[in-house]
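Participant: my questions are about this predicted structure, shown below with the sequence.
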Amino acid sequence: MIKQVRFTKKQRVVDELVHRIESGLLADGHLLPGEDQLAQELRVSHSTLRAALTELERRKYIATRTEGGAIVTYDGITLDQHNGWTQALANTGARIHTELLRLEAIERPDLLHQFGLSQFVMLERRRRRDDGTAISLERSLMPATGGLEGLPRVGLIDDSLTITLAAYGFVGDRGDQWIGAEPLNEEDALLLGRPAGTVFLKALRTTYDRHGRFMELVESWLDPVHFRMYHSFGTPT
C-alpha cells in the first residue's frame, strides 16, 4: 500500500509538470521553482519530487543545468538564451525596444536537404537602445507546419516567439550554436544603421524539439560593443 501511494503521488507530480510544460505555462528555458517551493506547492515529500523530476529528465521534458561552456553576455551580464533574446535582455534590466520588421511565409529550397522541408515562416526583429542605437538584428526560420504556417496571419502570442512555439507544441530539447565575427552586408548594415563592412558578432543557432522535429533556425547579428562571448572551464575552488 505504501509503495502504491508513493507511486501515485509521483505520477501526479509528473502529470502536472508535463501539463504545465506542454501547455506553455513552463516555457522552454524557464527554471523550475526551488525544490522546497515546488514540494510545498505540489504537497509531496522531497523524495517523491526528486523521483518525479528524474522521470521527467529521463523523458526529456526537463534538463539539468550544468556549469561551464560558452555563453553570451550583454554589457557583462550573462544571457539565458533559452528564453529568447527579448526575455534574456529584459532580465538584465536593460531598456531595449524590439521592433518587428517582418513575419511572413517564405520558400527556401536550399534547406530541403538539411531539414526535410522548404516552406518556412520567417520572423525578422531589430532591437534598439533608448538612444535609438540598433544593437541586434535577428532572423528566425520556423517550419510552416503544425499550425505555425498561420503565424503571419495571427501573429505571436504575447509578442514572444518562445511562448508561441510552446503553444503550438514545439518545446526545444537540443541543438547547436555557432558564434563568430563577420562584416555586415549592405542590407543588414542599413537595417542596423552602420556602414557596410562593420564587424558584428554573428550567432547561428539550430533547435530541435524533444520529438526530434526541427523547430527553429536563428541568425542573430550582435553589436560587439555590448555583446561578448564568455567561456568558463575547470572546477571552481
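Facilitator: Perfect, thanks for sending it. Numbering: from 1, shown residues only.

Participant: pull out the buried positions in the longest helix along the chain.
Facilitator: Longest helix in the chain by number of residues (criterion: DSSP state H): helix 2-22. Within helix 2-22, the residues that count as buried by 16 or more other CB atoms under 10 Å are 9-10, 13-14, 17-18, 21. All C-beta spots, glycine's among them, are computed from the backbone N, C-alpha and C.

Participant: okay, how far is it across stretch 36-51, tip to tip?
Facilitator: One end of stretch 36-51 sits 14 Å from the other (CA to CA, to the nearest Å).

Participant: which stretches of this structure have low pLDDT?
Facilitator: Within the chain, the ranges that satisfy pLDDT under 70 run 1-7, 24-34, 60-94, 229-237.

Participant: which parts of it are helices?
Facilitator: Assigned by DSSP H, the helices in the chain fall at 2-22, 35-42, 46-58, 85-91, 112-115, 151-154, 161-167, 186-192.

Participant: the third one packs against which elements?
Facilitator: This points to helix 46-58. helix 2-22, helix 35-42 (3 or more CB pairs under 8 Å, 6 or more residues apart in numbering; DSSP states H and E).

Participant: switch the cut-off to 6 Å
Facilitator: helix 2-22 (3 or more CB pairs under 6 Å, 6 or more residues apart in numbering; DSSP states H and E).

Participant: helices or strands up against the helix it packs on?
Facilitator: helix 46-58.

Participant: can you rerun that using 8 Å?
Facilitator: Judged by 3+ CB pairs under 8 Å, 6+ apart, helix 2-22 is in contact with helix 35-42, helix 46-58.

Participant: tell me the most buried of the ones you listed?
Facilitator: When you average the neighbours per residue for each of the helices and strands packed on helix 2-22 (mean count of other CB atoms under 10 Å), helix 46-58 leads with a mean of 16.

Participant: distance of the nearest residue to Ser140 once chain neighbours are set aside relative to Gly169?
Facilitator: Computed as CB to CB, 6 or more residues apart in numbering, the closest residue to Ser140 that is not its neighbour in sequence is Leu123, at 4.4 Å. Distance of Leu123 to Gly169, computed by CB to CB, to the nearest Å: 18 Å.

Participant: those two - which one has more neighbours?
Facilitator: Leu123 (22 against 16; other CB atoms under 10 Å).

Participant: is the more buried one in a bridge, and if so with what?
Facilitator: Bridge pairing for Leu123 (DSSP bridges) gives the partners Leu103, Ser140.

Participant: need the contact list for it.
Facilitator: Leu123 is in contact with 100, 102-103, 138-140, 142, 151, 156, 161, counting by CB atoms under 8 Å, 6 or more residues apart in numbering.

Participant: filter these down to the buried ones, PyMOL style.
Facilitator: Of the contacts of Leu123, the buried ones can be selected in PyMOL as follows, counting by 16+ other CB under 10 Å:
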select buried, resi 103+138+139+140+142+151+156+161
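
Participant: and which of the contacts of Leu123 is nearest to His113?
Facilitator: Met142 (18.2 Å; CB to CB).

Participant: now do the residue lying closest to that closest one once chain neighbours are set aside against His113, distance only.
Facilitator: In space, and not counting its chain neighbours, Met142 is closest to Val121: 4.8 Å by CB to CB, 6+ apart. In this structure, Val121 and His113 are 20 Å apart, going by CB to CB.

Participant: between these two, who's got more neighbours?
Facilitator: Val121 (19 against 8).

Participant: before we move on, back to that, make a markdown table from the helices and strands packed on helix 2-22 and add distance to Gly197 to it.
Facilitator: A markdown table is the format used below for the helices and strands packed on helix 2-22 (distance: least, CB to CB, whole Å):
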| stretch | distance to Gly197 |
| --- | --- |
| helix 35-42 | 51 |
| helix 46-58 | 46 |
